[in-house]
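In: this one's sequence-less:
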C-alpha cells in the first residue's frame, strides 16, 4: 500500500475490480492540486476514490502519517464534502478490504455488466447520478 504507510506511494491499488482505487503519486498530485484550488486550501492530499468518483482526502499532506488525521470525502456529483473517519482507521479498512462495504458494490456490478466491462482502471470513474448543477437531486 504505498511507501511509508501512505496509500499513494509509487504504485496504485485497485480493490473490488476498481470499486475503490488508491492513486499512484502522479494521479494523487494532480487531484490534490485540483482539490486544493477548488477548496482554496493549499496542502490538501487526495489519495483515493471510489467508482462513483467520490474523492478521499485529508486537509494537510504534512499530516498523512498521523493516524488521528481526519479523512474527508468529496462527492462531485452532489457538490458535498463530508468528514469520514480518522486516517489510521481508513488505512486499516483499505488493507483488510472492508472499505468496499461502503462502495455500493451491487450498483457497481450492475453498471459494469450493462457497460460490458469487468473493471475500471485506477483513475477512472463513472457517476450513477446526474450532477446537481445539471438539474440532479442531492438525494440521489
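Out: Nice, thanks for sending it over. Just so you know, these numbers come straight off a predicted model, no measurement behind them.

In: For the residue positioned nearest the centre of the chain, which three-state class applies?
Out: The chain has residue 49 as the residue nearest its centroid, 1.8 Å off, counting by CA atoms, centre = their mean. Classification of residue 49 using DSSP: H, G, I helix; E, B strand; the rest coil returns strand.

In: That one and residue 116, how far apart?
Out: Relative to residue 116, residue 49 is positioned 22 Å away (CB to CB, to the nearest Å). (Each C-beta comes from the backbone N, C-alpha and C, glycine too.)

In: did I read that right, residue 107 in a strand?
Out: No - read with three-state DSSP, residue 107 is helix and lies in no strand.

In: Near it, how many other residues are there?
Out: Using other CB atoms under 10 Å, residue 107 is surrounded by 13 other residues.

In: same check, this time on the one 3 residues further on
Out: Counted with other CB under 10 Å, residues neighbouring residue 110 total 12.

In: Just want the phi and psi numbers for it.
Out: phi -60, psi -50 (degrees, to the nearest 10).

In: Would you check how far apart it and residue 38 are?
Out: Using CB to CB, residue 110 is found at 30 Å from residue 38.

In: same question, residue 28
Out: Counting by CB to CB, the gap from residue 28 to residue 38 is 15 Å.

In: What of residue 11?
Out: According to CB to CB, residue 11 and residue 38 sit 26 Å apart.

In: The residue nearest to the centre of the chain bridge partners, please.
Out: Per DSSP bridges, the residues bridged to residue 49 are residue 21, residue 55.

In: try residue 14
Out: Counting by DSSP bridges, residue 14 forms beta bridges with residue 21.

In: Return the residues in contact with residue 87.
Out: Residues counted as contacts of residue 87 (CB atoms under 8 Å, 6 or more residues apart in numbering) are 58, 63, 64, 66, 67, 68, 69, 70, 71.

In: try 10 Å this time
Out: Residue 87 makes contact with 5-7, 45, 47, 56, 58, 63-71, according to CB atoms under 10 Å, 6 or more residues apart in numbering.
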